[in-house]
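> Mind folding the following:
(4 chains)
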There are 2 protein chains.
Amino acid sequence: MSSGAAARPATRARKAHGERTRQSILETAVDLASAEGLEGLTIGRLASEMKMSKSGLFAHFGSKEELQLATVDAAREVFIREVIRPAFETKEGLLRLWKLCDIWLGYVHDGVFRGGCFFAAAASEFDSRPGPVRDRIAEIMKEWLSTLRRAVVDAQSAGQLERGVDPSQLAFEFNALELGANWAFQLYGDRQAFARARDAILERLRRHATKSGAGVLPTTSKGKKGRGVAAK
Amino acid sequence: MSSGAAARPATRARKAHGERTRQSILETAVDLASAEGLEGLTIGRLASEMKMSKSGLFAHFGSKEELQLATVDAAREVFIREVIRPAFETKEGLLRLWKLCDIWLGYVHDGVFRGGCFFAAAASEFDSRPGPVRDRIAEIMKEWLSTLRRAVVDAQSAGQLERGVDPSQLAFEFNALELGANWAFQLYGDRQAFARARDAILERLRRHATKSGAGVLPTTSKGKKGRGVAAK
DNA sequence: GGCGAAAACGAACGTTCGTGCTATATTGCG
DNA sequence: CGCAATATAGCACGAACGTTCGTTTTCGCC
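Below you'll find the model as predicted:
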């Protein structure tokens, strides 16, 4: 009903040239919204950015709320492409858990979104504003938290992480440290915050790593390139 | 020039009844802004909440930006009263550091501001919006971070915390965990997040506490009442 | 009790918001 | 080519925004 990516049953093969502009509108929308907020993302502003008329652009979505929802989902796609997918190139275990955190921090540092983590900003903006947009944001962030938690469990199953640690607790802490780094970077431009978050995360990973797990972690948090897969 | 609290040189003793309404406007403004954001805090909305006319209310501030600045400073006063002052009743050292974190979490949990931590929301809203408001918010959050850092240093001076730990690093981590709890509570209503943050903070404090420091920390993170000053 | 200042009001300003309508380009298919 | 569907533009709307202005109410003080 909504996620029309590429799953039409071949009955309607045409209708492609509206979809394309819609997509490029959403690219701009995501960028704009990450900086000015999902509510500050105004249709007039977006239209002038796209050199389109308000009404022409508006017709693609039908309402502002639909535009916001589409923007959130577009941001989710970017997040998956920039963070999840790269981290999942590493096979499950302690290193993938680390990669998830490391790449997340890199994605904020490198300014994939103009205003830092799109979802951190969106969550904070909508957390007191009930409705479908808020629900969708919460859902997506829950996906992320689950991914983090799942990575912890997998690392335990692989025998690289002590079984005593609570996966939800660890996921909470890592997510908090990431949000903290994002916060410090957005507010102060403090790049050191990334190193602080990495230090804190690595320290926890090291403390709870088993003997076989300790080897896979990078030796320092400074360099961008981790040491790579050493174990096995 | 601005902070006219109660420091007039007795030349002008009158002029109190405008200041009072101004103060009560700001109370409402703080509450409103914490939920709907500093930009969503609209003059018309605020006026109708106060049962005043837009123009009558407006005259107290002269511009929306001035209103926002005054609101931010009013929120700072609340924060000092609700968090800083209570924590500073405990004498400097490891316990005060813990109190700062513990009370902060309580202040979010108990809903001192309708939308969670006022400054977490404001920082996120204004971090991509240069200007005096953003600067003031950043300044206030820096005060908080400094307070946290200072508490770490004091705990070290008191011989209750290992001197090896980096005060800025610890302040960063604690602040991040607090923001993380605030985030989880606002978005999911997840009260468990407070316990998670407390656990994480306490664990770090315990790990780096000296022998003489270990005694002052509470035995569990569950109860609201800490064990109290046991050492010395 | 009346005077002057401070405080609150009501109406209007120009702008921008989201959202409808209607008409005109643009395009894919027979 | 011509036709139908789609995509974009133009225009107008009611509401809300921050702000200004001139007037009216309130209130401390002589």
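> going forward, measure contacts and count neighbours with C-alpha atoms only.
Noted.
> Any idea which helix or strand in chain A has the lowest mean pLDDT?
helix A:17-36 (a mean of 88; mean pLDDT, DSSP states H and E).
> got the residues of chain A near chain B?
A:35-37, A:115, A:121, A:123-125, A:127-129, A:138, A:169, A:172-173, A:175-181, A:183, A:186-188, A:193, A:196-197, A:200 (CA under 8 Å from any CA of the partner chain).
> Quick check on these: which are buried?
A:35-37, A:115, A:121, A:123-125, A:127-129, A:138, A:169, A:172-173, A:175-181, A:183, A:186-187, A:193, A:196-197, A:200 (16 or more other CA atoms under 10 Å in any protein chain shown).
> Which strands and helices lie in contact with the longest helix along chain A?
Identified as the longest helix of chain A according to DSSP state H is helix A:132-157. Contacts defined by 3 or more CA pairs under 8 Å, 6 or more residues apart in numbering or on different chains; DSSP states H and E place helix A:132-157 against helix A:64-79, helix A:94-109, helix A:118-126, helix A:167-188.
> For these, give me JSON lines that also has mean pLDDT.
Listed next are the helices and strands packed on helix A:132-157 as JSON lines, based on pLDDT from 0 to 100:
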{"stretch": "helix A:64-79", "mean pLDDT": "96"}
{"stretch": "helix A:94-109", "mean pLDDT": "97"}
{"stretch": "helix A:118-126", "mean pLDDT": "96"}
{"stretch": "helix A:167-188", "mean pLDDT": "98"}
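> How much space separates the residue most central in space within chain A from DNA strand D?
The centre of chain A sits closest to A:Phe79, judged by CA atoms, centre = their mean, with a distance of 4.0 Å. A:Phe79 sits 26 Å away from DNA strand D, going by CA to the nearest atom of the strand, to the nearest Å.
> can I assume A:Val165 sits in a helix?
No: looking at A:Val165 with DSSP: H, G, I helix; E, B strand; the rest coil, it is coil, so not inside a helix.
> in terms of contact, does it touch A:His208 like I think?
Yes: assessed by CA atoms under 8 Å, A:Val165 is found in contact with A:His208 at 7.5 Å.
> Of the two, which one has the most company?
A:His208 (18 against 13; other CA atoms under 10 Å in any protein chain shown).
> what's near enough to touch the more buried one?
Listed by CA atoms under 8 Å, 6 or more residues apart in numbering or on different chains, the contact set of A:His208 reads A:Leu161, A:Glu162, A:Val165.
> Name the nearest of these relative to DNA strand C.
Nearest to DNA strand C among those is A:Val165, at 45.7 Å by CA to the nearest atom of the strand.
> show me what contacts that closest one?
Counting by CA under 8 Å, 6+ apart, A:Val165 touches A:His208.
> one more time with 7 Å, if that's ok
Going by CA atoms under 7 Å, 6 or more residues apart in numbering or on different chains, A:Val165 touches no other residue.
> ok, the residue nearest to A:Glu39 when sequence neighbours are not counted to A:Phe119 distance?
Leaving aside its chain neighbours, A:Glu39 sits nearest to A:Ala33 (7.8 Å; criterion: CA to CA, 6 or more residues apart in numbering or on different chains). Noted for A:Ala33: a distance of 10 Å to A:Phe119, by CA to CA, to the nearest Å.
> could you check whether stretch A:71-78 is close to DNA strand C?
No: Stretch A:71-78 lies apart from DNA strand C when judged by CA under 7 Å from any atom of the strand; the minimum separation is 13.0 Å.
> quick check, distance from that stretch to the centre of its chain.
In this view, stretch A:71-78 has its centroid 9 Å away from the chain centroid, taken as CA atoms, centre = their mean, to the nearest Å.
> Take that stretch, keep the C-alpha atoms, and write them as PDB.
What follows is stretch A:71-78, C-alpha atoms only, in PDB (Å, rounded to 0.1, in the frame of the first residue of the first chain):
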ATOM      1  CA  THR A  71      10.800  11.800   4.000                       C
ATOM      2  CA  VAL A  72      11.300   9.700   7.000                       C
ATOM      3  CA  ASP A  73      11.200   6.500   5.000                       C
ATOM      4  CA  ALA A  74      13.600   8.000   2.500                       C
ATOM      5  CA  ALA A  75      16.000   8.800   5.300                       C
ATOM      6  CA  ARG A  76      15.700   5.200   6.500                       C
ATOM      7  CA  GLU A  77      16.800   4.000   3.100                       C
ATOM      8  CA  VAL A  78      19.900   6.300   3.300                       C
END
